[in-house]
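Colleague: need a structure here:
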Amino acid sequence: SMTTDLYCDGGVIGSNPSSVGGTWAFCIVENNERIFEHKGFITPGEDLPAITNNLTEMLALVRGLQQLPAGWAGTVYSDSQITLGRAFEGWKWKNIPTWLHHEYQVARERLDWPNIKHVLLQGHPTKAELLAGVGKSGRPVSEHNVWCDKACGERAEYYAELLRECEGV
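Modeller: You can find the predicted model right below:
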């Protein structure tokens, strides 16, 4: 049977919290093939004086949920325990802007929420850990999480390049 899963990751540019911005990425995976990928960045604004990794991790999750079809149920994979705790286990949404919490609630309504599972991954696995499918922490690892992490890094480099061009004008 077909299984469709969501992998998501977020990061910051420079230190955490970042005054520059943050990056996020997600991919939708069907039978171990990435069928949809997306990545982006978010910069500080009036309601967001700085960008935290907890914010970008949640943004990656919400953007991914928004991309899934109505009634979807599958597994969400993340290496952020706090994000999975907030989204699935009733943890407090401290320092996450209201607009993002609202987008999460709207996305959640469309999906078959009681039947969605979540798995905490170990981030930044070695090649050996990837081959074994499990990290030194005992938690699972995934090439799709590695893709998300790399996509965040690529977004950060792209954004840094844009900033350099702007400053050069």
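Colleague: Any figure for the gap between Trp91 and Trp24?
Modeller: 19 Å (C-beta to C-beta, to the nearest Å). Any C-beta I mention is one placed from the backbone N, CA and C, and that applies to glycine too.
Colleague: Looking at those two, which one has more neighbours?
Modeller: Trp24 (28 against 13; other C-beta atoms under 10 Å).
Colleague: For that one, give me the pLDDT.
Modeller: At Trp24, the predicted lDDT confidence score is 98.
Colleague: Now do the same contact list for it.
Modeller: 8-11, 39-42, 56-57, 59-60, 63, 152, 155 (C-beta atoms under 8 Å, 6 or more residues apart in numbering).
Colleague: Taking those residues, please make a PyMOL selection of just the buried ones.
Modeller: PyMOL command restricting those to the buried ones, with burial defined by 16 or more other C-beta atoms under 10 Å:
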select buried, resi 8+9+10+11+39+40+41+42+56+57+59+60+63+152+155
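Colleague: out of the contacts of Trp24, who's nearest Asp79?
Modeller: Nearest to Asp79, judged by C-beta to C-beta, of those is Asp9 at 6.6 Å.
Colleague: Quick one: list the elements packing against the longest helix belonging to the chain.
Modeller: Counting residues, the longest helix found in the chain (DSSP state H) is helix 143-168. The contact analysis (3 or more C-beta pairs under 8 Å, 6 or more residues apart in numbering; DSSP states H and E) places helix 143-168 against strand 4-12, strand 22-30, strand 33-42, strand 75-78.
Colleague: how much does the second one deviate in direction from strand 33-42?
Modeller: Right, the one you point to is strand 22-30. Using axes from the mean of the first three to the mean of the last three C-alpha atoms, to 10 degrees, the inter-axis angle of strand 22-30 relative to strand 33-42 is 160 degrees.
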